[in-house]
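*Asks:* A structural model of the following input is requested.
(one chain, ligands or ions: 3)
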Amino acid sequence: MAHPPVPDPVGPTDASRVPRYAGIATFARLPRLEDVPRADVAIVGAPFDSGVSYRPGARFGPAHVREASRLLRPYNQVTDVEPFAAQQVADAGDLAVNPFDIAEAVADIQRGAEHLTRDGTRLLTIGGDHTIALPLLRNVAAQHGPVAVLHFDAHLDTWDTYFGAPVTHGTPFRRASEEGLIDREASLHVGIRGPLYAREDLRDDKRLGFAVIASHEIELDGLAAAIDRMLARLGDRPVYVSVDIDVLDPAHAPGTGTPEAGGLTSRELLAMLRALSQVNLVGADVVEVSPPYDHAQLTAVAAAHVAFEILSAMAPAR
Ligand SMILES: N=C(N)NCCCC(=O)O
Ligand SMILES: [Zn+2]
Ligand SMILES: [Zn+2]
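*Replies:* Ligands and ions are numbered 1, 2, ... in the order given. Predicted coordinates for the structure are as follows:
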């Protein structure tokens with residue numbers, strides 16, 4: 001059941017009164033969900049990395065991104081939006097996710113997402129590895145039907161299994177497509193690059209319903225052309241945005257588990273997200289931030305700004 005937007009949102013702690021490095025870190029120093037009557041958008045952590053194929057550490061992602069989000073200010077000067085005033089955004093804390101059993105973990109996340117979205121609240125989830133997109137898509141598809149997935153990533157994540165395991169961080173979008181959770185006419189990967197296992201990876205990916213804007217195409221054709229292609233593909237469908245931070249070049253986001261050279265700059269990624277203000281966003285995630293490989297919070301700052309742009313795009317038009 002959808003609610004009308006919260007009339008008087010409680011915003012972040014004022015950094016001119018309480019220094020921004022003081023206090024317990026919620027995302028952007030927003031109120032906790034239990035401290036507001038309800039939220040239009042909830043930020044929730046999914047600290048889980050038992051689905052990774054290479055470097056671990058993304059289970060520490062939610063805390064690291066919250067810590068780096070302390071410096072966010074409330075006004076988006078490019079889109080002229082105040083994302084924390086135009087809607088109630090609150091921090092729902094972290095889901096309790098089983099680290100030893102992937103099937104259990106996925107069920108934990110789906111149950112948590114269901115609970116948080118039961119009254120029309122939209123979720124922006126901070127991962128965690130990319131496995132978490134599967135239960136989050138199960139939840140949005142249960143509410144909206146098949147959604148257009150806008151997937152920013154170096155990787156397709158439509159592979160079949162790893163060591164026989166069907167639910168991993170390299171497979172969520174194949175499972176989602178097989179389960180009928182995604183709109184196969186409108187889903188799209190952006191930023192794909194690097195060596196694949198075989199030519200067939202791309203053939204399978206297309207059959208599963210994804211179009212591709214590759215990293216080299218953004219370089220060759222330019223950002224404006226990429227934005228046009230993205231918006232044309234999404235149309236007016238309900239859209240779920242999934243941002244794997246490794247879509248960024250390792251120079252912009254070293255703190256991640258499966259880095260690939262030749263990626264987007266954070267400027268390019270933020271510009272693409274800003275173009276989503278007219279798009280019907282039903283949910284989002286930012287995943288694969290692995291603090292042990294980060295330096296100087298580079299990756300976490302990028303992730304915090306990605307989340308800020310998504311929240312700005314979710315804000316109702318004035
Ligand atoms: N979802 C991420 N970040 N990576 C998937 C890489 C899978 C592989 O090791 O081939
Ligand atoms: Zn990736
Ligand atoms: Zn991924």
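*Asks:* what sits against the residue in the stretch 51-200 of the chain positioned nearest to ligand 3?
*Replies:* Minimum separation of the stretch 51-200 of the chain from ligand 3 (C-beta to the ion) falls at H130, amounting to 3.6 Å. Where C-beta positions appear, they are placed from N, C-alpha and C, glycine not excepted. For H130, the contacting residues are 51, 153, 157, 169-170, 172, 242, 244, 287-288, by C-beta atoms under 8 Å, 6 or more residues apart in numbering.
*Asks:* can you do 10 Å?
*Replies:* With contact set as C-beta atoms under 10 Å, 6 or more residues apart in numbering, H130 has these partners: 49, 51-52, 58, 151, 153, 155, 157, 168-173, 242, 244, 246, 257-258, 285, 287-288.
*Asks:* cool, V44 as well?
*Replies:* V44 touches 27, 33, 62, 90-95, 109, 112-113, 116-117, 121, 123-126, 136, 285, counting by C-beta under 10 Å, 6+ apart.
*Asks:* For the residue of the stretch 51-200 of the chain closest to ligand 3, grab phi and psi.
*Replies:* Per-residue torsions, H130: phi -70, psi -10 (degrees, to the nearest 10).
*Asks:* which stretch of helix or strand covers the residue nearest to it when sequence neighbours are not counted?
*Replies:* Spatial nearest neighbour of H130, excluding adjacent residues (C-beta to C-beta, 6 or more residues apart in numbering): H169 at 4.0 Å. Here H169 is covered by no helix or strand, with elements defined by DSSP states H and E.
*Asks:* Let me see the confidence value for H169.
*Replies:* What the model reports for H169 is a pLDDT of 98.
*Asks:* And the one 5 residues further on, by the same measure?
*Replies:* For R174, the model assigns a pLDDT of 99.
*Asks:* Look up phi and psi at it.
*Replies:* Torsion angles, degrees, to the nearest 10, at R174: phi -70, psi -50.
*Asks:* and it, what is it in contact with?
*Replies:* When contacts are counted by C-beta under 10 Å, 6+ apart, R174 touches 134, 156-161, 166, 204-205, 208, 210.
*Asks:* ok, stretch 256-273 near ligand 1 or not?
*Replies:* Yes - when contact is scored as C-beta under 6 Å from any ligand atom, part of stretch 256-273 falls within range of ligand 1: 257-258.
*Asks:* Any residue of stretch 303-318 touching ligand 1?
*Replies:* No - judged by C-beta under 6 Å from any ligand atom, stretch 303-318 and ligand 1 are separated, with a smallest distance of 13.4 Å.
*Asks:* ok and the residue in the stretch 151-300 of the chain nearest ligand 3?
*Replies:* Closest point on the stretch 151-300 of the chain to ligand 3, by C-beta to the ion, is D244, at 3.5 Å.
*Asks:* so how far is L248 from the nearest residue to that residue once chain neighbours are set aside?
*Replies:* With C-beta to C-beta, 6+ apart as the criterion, D244 has its nearest non-adjacent residue at 3.9 Å, and that residue is D153. D153 sits 10 Å away from L248 when distances are taken as C-beta to C-beta, to the nearest Å.
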